[in-house]
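1. Predicted model and sequence follow; I will ask about them next.
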Amino acid sequence: MPPIAAVGGVIKPMHDTPLYCDLETFSEVPIKFGSHAYSEGVEVMLFAYAFGDEEPKVVDLTTGCALPAELDQALRDPERMTVWHNGGGFDRIQLRRGLGITIPVERIHDTMVQALCHGLPGGLGPLCEILKISEEESKDKRGKQLINLFCKPRPKSQKLRRATRETHPKEWAEFIEYAARDIPAMRAIYKKMPMWNYRGRERELWELDQRINDRGIKVDLNLAREAIATVARAQKDLAEQTQLLTDGEVQAATQRDKLIKHILAEYGVQLPDMQADTLERRMNDQNLPWAVRELLAIRLQASTTSTTKYKALINMASSDGVLRGTTQFCGASRTGRWAGRGFQIQNLPSRGLPSGKEIEFGIEAILAGAADIIYREPMKIVSAAIRGCLVAREGKKLVVSDLSNIEGRAAAWLAGENWKLDAFREVDAGRGHDLYRLAYAKAFNIPVEEVDGGKEKGPMRQIGKVLELFMQYEGGVGAFITGAVTYGIDLDKMADAAWDALPEWAVMEATAAHKWAFKRDKIFGLAPKTYIVCDALKRMWRAAHPEISGYWGELNDATRYAILSPGQTVTARRLRIRRDGAWLRIILPSGRALCYAAPKVDEKGKVSYLGVNAYTRRWQKINTYGGKTFENICQAFARDIMAYNMPAMEHWGFDILGTVHDEVITEAPDDDDIGEALLSALLAENPPWADDIPLHAGGFEAPRYKKDD
């Protein structure tokens, strides 16, 4: 059956023969500034194409020729599907800007997105290697050198500012050949890759994603420029203070090695490093000379704020002051969540920030050029103000909403932890207790009213928070360390506070676990008491969550069985798992699948697959286990809840600008008819495949983006 596309709201069959396309372009604007900024100065040099399995053709547009009639007609044909690699995020944008041709996203099949939807890397070269595309069809590795030669401006130090077909005719001929070879490579991976997650509703969602990226979000460029200027003035002042305190031996506190050497030589104080936690700890040491503590404070301020993010905003904004192309559909491997591109909205500072009102005042101070006068440490307010650079357009407002503890709800619903689902329903109805206090009470088997004496915040609640956020994916003592770093918890103090309340059975089991870990040097540098308390809390949380903790092993067993039984569907509560060929799929309630390539079970029963390592970014063997698989599932499920409701948000007049994990950022008319309450209701609407999970969302309306208080 030929491919289909929605044109003008009507489903139409496409031609049987797709048109494979690829562009080679030049722009003075670096591609790292994003496809949209890049496109404002783009020149399309080569257009490679092929109809179906025909031999590729390359049009050299630098000769002044026009597109061949067959190509021009096919590009404008509403019934012709075109296939590109990163065609949505790059080529269609350059085509529109460089040649004045607009292809609706409904007529674009993007093989890069197809790959990402199935847990594969997005690069054409790596895909050819992974899918074992023949050498004749694979991407030419010489291409990178040719792209660097012809697609980028030459260094300013060189007399020749641009290489062309006239200046490098031999290399240009190679470049044309390279452009032609990209087509067979793309065509081969298009045919080899699965389509499970790049059709139907997921395909429509990608099309919405493209409209979101084209829409973009307005940037307050004045605030960005003033923030950079504020940092420059503050750095100059800190440098002068450093010079004064070191008699000119150190010119700026950012000169780490010189500063360490000076402090050792002048004061006999040896510092292992200049990490923030080291500086903060030593600054409070009253036994250190005043000058040393002052230098450490200056160093901490000088390294607090980088202007990199502000510069990225300025560089990536289009000429109309709008930041576009900041999200990648299915960019988070396997889970399907959106990932950031360029300016990372997902990675903005979120903890230890001043209050919303303080940040608002700070923004006004920065805009007035007075932040370094008002604040003793202006770097901190500049760092906190970065979200405020994202603003609503004139006559509009930002409306933002976030799904409340959606991963915790997903875990309870998928595993059938019914008491917890009831607790969420009570909280949503305004009758229940804070879930972090409830987690502590459940683990310690005490009335929730006794947690922190009934207060909503306190050390017991912090312990409950770490338990809730780090235990549901089979986390152990190591997860406590991560939680302590994330939320600023002193584990030794926590151990002292919790010790007397621990049940005897948990202490006995944790003590035995400590002895085992100590012999194998796996105690993470923790004191015995601290390790025992962390391990005991883990056991208490698991005892309070029998369905979730039991599900980890069930998932692992089901996964192993499915891998060893190709073609059979294994049911694991609300999930279906099956292996087909080289793929293991965990089919979610939404119908979307988590995809794992080349799954294996070793002789010890351990499960592995091939995937992109989150740290090395390389395609390699990855070991997994029940809790890690459950984490993938819960995050993917949370993504599917939000994604299901996004079209309804657009229908009701909320222009979606982007997502941050489980938060959706929208723009709406600045009036009372449409606002946060409606957006939150839409975001928390139950999809038909999860009609009984308790959902709740909340957010804010504001002229500037911010962290919800």
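-> Noted; the coordinates are in hand.
2. Next, the closest residue to Ala339 other than its chain neighbours: secondary structure please.
-> Excluding its sequence neighbours, the residue lying closest to Ala339 (C-beta to C-beta, 6 or more residues apart in numbering) is Gly331, at 2.5 Å. Any C-beta I mention is one placed from the backbone N, CA and C, and that applies to glycine too. What DSSP: H, G, I helix; E, B strand; the rest coil gives for Gly331 is coil.
3. Could you report the neighbour count for Gly331?
-> A total of 17 residues lie near Gly331 under the criterion other C-beta atoms under 10 Å.
4. same check, this time on Val322
-> Close neighbours of Val322, defined as other C-beta under 10 Å, add up to 17.
5. Flag the shaky bits of the stretch 301-450 of the chain, pLDDT-wise.
-> Along the stretch 301-450 of the chain, segments meeting pLDDT under 70 span 304-306.
6. Let me see the contact set for the residue nearest to Ala339.
-> Contact analysis of Gly331 by C-beta atoms under 8 Å, 6 or more residues apart in numbering lists 116, 337-341.
7. For it, give its distance to Trp196.
-> Separation of Gly331 from Trp196 (C-beta to C-beta, to the nearest Å) stands at 18 Å.
8. returning to that earlier point: among the contacts of Gly331, which one lies nearest to Leu594?
-> Distances from Leu594 to those, taken as C-beta to C-beta, are shortest for Arg337 (11.9 Å).
9. what is Val400 paired to in the beta sheet?
-> Assessed by DSSP bridges, Val400 has beta-bridge partners Ile665, Phe700.
10. my guess is it contacts Thr666, does it?
-> Yes. In terms of C-beta atoms under 8 Å, Val400 counts as a neighbour of Thr666; the distance is 7.0 Å.
11. secondary structure element for Ala648?
-> Here Ala648, judged by DSSP states H and E, is contained in helix 626-651.
12. and that helix, which residues are buried?
-> Using 16 or more other C-beta atoms under 10 Å as the test for burial, helix 626-651 gives 626-646, 649.
13. Go ahead and name everything in contact with the helix or strand that comes right after that helix.
-> Sequence-wise, the next helix or strand downstream of helix 626-651 (DSSP H and E) is strand 655-660. Under the criterion C-beta under 8 Å, 6+ apart, residues 208, 212, 215-217, 326-327, 337-338, 345-346, 398, 642, 646, 649-650, 664-668 lie in contact with strand 655-660.
14. quick one: contacts for Gly476?
-> Gly476 makes contacts with 534-535, 538, as judged by C-beta under 8 Å, 6+ apart.
15. Please repeat the previous calculation with a cut-off of 6 Å.
-> For Gly476, the contacting residues are Lys538, by C-beta atoms under 6 Å, 6 or more residues apart in numbering.
16. For it, give its distance to Leu695.
-> According to C-beta to C-beta, Gly476 stands 30 Å off from Leu695.
17. which SS state does Tyr436 fall under?
-> helix.
18. Might one say that it is in contact with Gly464?
-> Yes. Using C-beta atoms under 6 Å, Tyr436 makes contact with Gly464 at a distance of 3.9 Å.
19. between the two, which one's more packed in?
-> Higher neighbour count among Tyr436 and Gly464: Gly464, with 27 against 22, using other C-beta under 10 Å.
20. Tell me if I am right that that one is in a strand.
-> No. Gly464 is assigned helix when assessed by three-state DSSP, not a strand.
21. Which residue is the nearest non-sequential neighbour of it?
-> With C-beta to C-beta, 6+ apart as the criterion, Gly464 has its nearest non-adjacent residue at 3.5 Å, and that residue is Tyr440.
22. so what's the residue most central in space within the chain bridging to?
-> With distances taken as C-alpha atoms, centre = their mean, Ala339 lies nearest the centre of the chain, 3.7 Å away. Under DSSP bridges, the beta-bridge partners of Ala339 are Gln328.
23. show me what contacts it?
-> Each residue near Ala339 by C-beta under 6 Å, 6+ apart is listed here: 328, 331-332.
24. what residue ranges in this protein score low on pLDDT?
-> Along the chain, segments meeting pLDDT under 70 span 1-15, 135-141, 277, 304-306, 453-457, 709.
25. Using the record's assignment, carve it into domains.
-> Here the domain assignment for the chain is 4-193, 216-391, 418-544, 635-702, based on automatic domain parsing.
26. any idea which element Ala252 lies in?
-> Assigned by DSSP H and E, Ala252 belongs to no helix or strand.
27. Next one: the nearest residue to it once chain neighbours are set aside relative to Val292, how far apart?
-> The shortest distance from Ala252 to any non-neighbouring residue, by C-beta to C-beta, 6+ apart, is to Ala239 (4.1 Å). Counting by C-beta to C-beta, the gap from Ala239 to Val292 is 18 Å.
28. Equivalent analysis for Val485, please.
-> Val485 is 26 Å from Val292, where distance means C-beta to C-beta.
29. which of those two has more neighbours?
-> Ranked by neighbour count (other C-beta under 10 Å), Val485 and Val292 place Val292 first, with 20 against 11.
30. quick one, what contacts that one?
-> Shown in contact with Val292 (C-beta under 6 Å, 6+ apart): 263, 267, 269.
31. Tell me the most packed of those, by neighbour count.
-> Most neighbours among the contacts of Val292, by other C-beta under 10 Å: Ile263, with 23 neighbours.
32. Report how many residues lie close to Gly653.
-> Counted by other C-beta under 10 Å, the residues lying close to Gly653 total 15.
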